[in-house]
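Chemist: need a 3D model of the sequence below.
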Amino acid sequence: MKSAVPILRASLLYGGLLALAIAVIGSIVGGLVAGGSGVASALVGTAMAAVFLGITAASFLLAARSGTTDMLNPAFFAAVLGGWLLKFVLFLVLVFLLKGQPWVQPVVLFFCVVVAVVGSLVVDVIVVARTRMTYVDVSLPTSTERSGPRE
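Modeler: Residues are numbered from 1 along each chain as shown. Got it, this is the predicted structure:
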């Protein structure tokens, strides 16, 4: 699992940059479409998506740092499942809190969340495709071992 840490860090970094871009563009479009409530909805939608998507990568990083290098270790599953449970509960709380608020423009909020989720999936695919990750841990013979007599 330690070899996946650079992938997760890159995913968090590029996901944060994506969220920043969505917040800026979403705020401009939301402001033009719905005024102040559009800007607020774009920022809330982008923040929701960024937090939810970051929790998963952060839970994997936490599991890797806690010494659980084996993916079948119960502590690894507890960290990842705890992150998913946190996202689910947080999502329900936010839905009930934001429902019917006069300052929320639901269409702008929806589109910012959807663009952030799809964009983060694209970022994850690009990061995984471009990052080198070792699959096998092999030790190669040294030059003195190779120069010895052959049988």
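Chemist: show me the strands in the chain, by range?
Modeler: With strands called from DSSP state E, the chain shows none.
Chemist: least trustworthy helix or strand in it by mean pLDDT?
Modeler: For the chain, using mean pLDDT, DSSP states H and E, the weakest element among its helices and strands is helix 143-146, scoring a mean of 60.
Chemist: tell me where the protein has helices.
Modeler: Along the chain, the stretches classed as helices by DSSP state H are 5-34, 36-65, 74-98, 106-130, 143-146.
Chemist: list the contacts for the nearest residue to residue 102 once chain neighbours are set aside?
Modeler: Distances taken as C-beta to C-beta, 6 or more residues apart in numbering place residue 37 nearest to residue 102, at 7.6 Å, with adjacent residues excluded. In short, each C-beta sits where N, CA and C put it, glycine included. Applying C-beta atoms under 8 Å, 6 or more residues apart in numbering to residue 37 gives the contacts 30, 102-105, 108.
Chemist: how about 10 Å then?
Modeler: By C-beta atoms under 10 Å, 6 or more residues apart in numbering, residue 37 lies in contact with 30-31, 101-106, 108-109.
Chemist: of these, which is the nearest to residue 83?
Modeler: Distance to residue 83, by C-beta to C-beta, is smallest for residue 109 among those, at 23.1 Å.
Chemist: how far away is that closest one from residue 26?
Modeler: When distance is defined by C-beta to C-beta, to the nearest Å, residue 109 is 9 Å away from residue 26.
Chemist: what is in contact with these two at once?
Modeler: In contact with both residue 109 and residue 26: 38, 41-46, using C-beta under 10 Å, 6+ apart.
Chemist: among those residues, name the buried ones.
Modeler: Neighbour-count burial (16 or more other C-beta atoms under 10 Å) applied to these gives 38, 41-46.
Chemist: okay, these in a markdown table with pLDDT and distance to residue 16 next?
Modeler: Listed next are these as a markdown table, based on pLDDT from 0 to 100; distance: C-beta to C-beta, whole Å:
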| residue | pLDDT | distance to residue 16 |
| --- | --- | --- |
| 38 | 90 | 23 |
| 41 | 90 | 20 |
| 42 | 91 | 17 |
| 43 | 92 | 15 |
| 44 | 91 | 17 |
| 45 | 88 | 16 |
| 46 | 89 | 11 |
